[in-house]
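Visitor: fold the following, please.
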Amino acid sequence: RRPHRFEPTSRHGNTPALAPKTPLLFARRPSMPVEITPAHMEALIRRYFAACNAANYEGLTSCFTPDAVHYFPAGLPDIPWRGADTIAHKWIWCVETLGSQWTIEKILCSSTAPEAVIEWTHWKQKMQTALRGDEWYVFDTETGLIKEIRAYYASPADPSVPISELVAFDYRGRGYHLEP
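Guide: Coordinates of the predicted model:
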């Protein structure tokens, strides 16, 4: 087991809690520590989205552990996507076939656990539609890479509307992207 910087217990007295302002330190190799900070997680998520938009296989696979899993709500074929290779190939297919591009709307990164959540828009340009949703990210404590993503859609994909999103939510007023 790798050492963690934990306080003895949480305020409830039963589980370890991270000391305030103490970054999570984990070792990739004894000489190369990985510091999983909010900045690290945000940078990796942004790099992942850039690789998705560029349909860059090497860029995509470099963001994930080899055995990473991407979970989705019901309705897509062949889910969940298992493995960095599968995840990369599926997103490249989306870019090539659907004209997919993604924008990040919001990012929240934990300061006490290797986890983050984002809000995104998936623009399917060839279909002239878009889908909004959230994803929960879990980062591997050994490498700092993404080991799990759980996707949640803002609404069911509705083919009768140009953008599947929350009804009556002021996307424009809140500064969300209205196009790719």
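
Visitor: excluding chain neighbours, what is closest to the residue nearest the centre of the chain?
Guide: Note on the chain: the residue nearest the mean C-alpha position is Y137, at 4.7 Å, using CA atoms, centre = their mean. Spatially, and ignoring its direct neighbours in sequence, Y137 is nearest to A116 (4.5 Å; CB to CB, 6 or more residues apart in numbering). Placement of C-beta: from N, CA and C, glycine included.

Visitor: just to revisit the earlier point, check what pLDDT the residue nearest to the centre of the chain gets.
Guide: Looking at Y137, its pLDDT stands at 98.

Visitor: show me what contacts it?
Guide: 41, 45, 115-118, 146, 148-149 (CB atoms under 8 Å, 6 or more residues apart in numbering).

Visitor: just these: which are in strands?
Guide: Using DSSP state E, the subset of the contacts of Y137 located in strands is 115-118, 146, 148-149.

Visitor: of those, buried ones?
Guide: 116-118, 146, 148-149 (16 or more other CB atoms under 10 Å).

Visitor: adding pLDDT, write the ones in strands among the contacts of Y137 out as a markdown table.
Guide: A markdown table is the format used below for the ones in strands among the contacts of Y137 (pLDDT from 0 to 100):
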| residue | pLDDT |
| --- | --- |
| E115 | 97 |
| A116 | 98 |
| V117 | 98 |
| I118 | 98 |
| I146 | 98 |
| E148 | 95 |
| I149 | 96 |
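
Visitor: those: which two are farthest apart?
Guide: I118 and E148 (13.7 Å; CB to CB).

Visitor: pLDDT weak spots in this structure?
Guide: 1-33, 157-158, 166-167 (pLDDT under 70).

Visitor: what about the strands in it?
Guide: 6-7, 17-18, 24-29, 32-36, 64-71, 81-82, 100-109, 115-124, 129-139, 146-153, 163-164.

Visitor: any idea how far the longest one is from the chain center?
Guide: Using CA atoms, centre = their mean, to the nearest Å, the mean C-alpha position of strand 129-139 is found 7 Å from that of the whole chain.

Visitor: by how many degrees do it and strand 100-109 diverge?
Guide: 40 degrees (axes from the mean of the first three to the mean of the last three CA atoms, to 10 degrees).

Visitor: quick check: buried residues in strand 129-139?
Guide: By 16+ other CB under 10 Å, the buried positions in strand 129-139 come out as 129-135, 137-139.

Visitor: which strands border that strand, and is each parallel or antiparallel?
Guide: Here strand 129-139 is paired, per DSSP bridges, with strand 115-124 (antiparallel), strand 146-153 (antiparallel), strand 163-164 (parallel).
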